[in-house]
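In: Below is the sequence, then the predicted model.
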Amino acid sequence: MEQGTDRLRAAEITRAYRELARITRRAAVRARGPEAALSIVDHSLVDFVAQHYGCMAIDIARYLRLNRSTISRQLSGLLAAGLIEQVDGGTGNAKPLAVTAAGEAALERSVRVHRESLEERLASWSDDDVALLAGLLERLNAAETEDPVPVPDVDDDDLPGAAAPMQA
């Protein structure tokens, strides 16, 4: 009986993975749509910088578990687009980052587009079902904290121009 339970669990995990992958693909398609939402990658990076004023590329690379050169290439595009900027401080090539007004507007637009899509999908759900989904997603995300990822130790309240955290 245990083998049957293991197979059922594996099938359900596969089903959950497929559904999460579909959600991610739809978000990627929305990001390419006429609403001008940020790509998933750009959204993640701009949001991280907005929530961690003064962070550096190495902080983002560690948090996302990506190579620093990969993050540097992505950040170069965001700098060129005027969505983030380098701020005073740091040494050598390590420059603290901040979100610009254009970056804040793009992030707000991106959050709005994705949130509206989610609201449309959940419109017929009961409040209890929405709460259950939110709780299960929180539980899934909390499992990541068992293998803690370093987040920059920056106190937003002590830095000039610090943006309030945005909800994604």
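Out: That came in fine, so what should we check first?

In: And stretch 45-60, what's buried?
Out: When burial is assessed from 16 or more other C-beta atoms under 10 Å, stretch 45-60 yields the following buried residues: 45-57, 59-60. For every residue, glycine as well, the C-beta is placed using N, CA and C.

In: before we move on, what about stretch 108-119?
Out: Quick answer for stretch 108-119 (16+ other C-beta under 10 Å): 110-111, 113-114, 117.

In: Near Gly89, how many other residues are there?
Out: With neighbours defined by other C-beta atoms under 10 Å, the count for Gly89 comes to 11.

In: Leaving out the residues flanking it, which one is nearest to it?
Out: Nearest residue to Gly89, sequence neighbours excluded (C-beta to C-beta, 6 or more residues apart in numbering): Pro96, at 4.6 Å.

In: In this structure the one you found contacts Ile58, no?
Out: No - using C-beta atoms under 8 Å, Pro96 is not in contact with Ile58; the gap is 11.1 Å.

In: Nearest to the spatial middle of this structure, which residue is it?
Out: Among the residues of the chain, the one closest to the centroid is Ser44, at 3.5 Å (C-alpha atoms, centre = their mean).

In: tell me the contacts of that residue?
Out: Ser44 makes contacts with Leu64, as judged by C-beta atoms under 8 Å, 6 or more residues apart in numbering.
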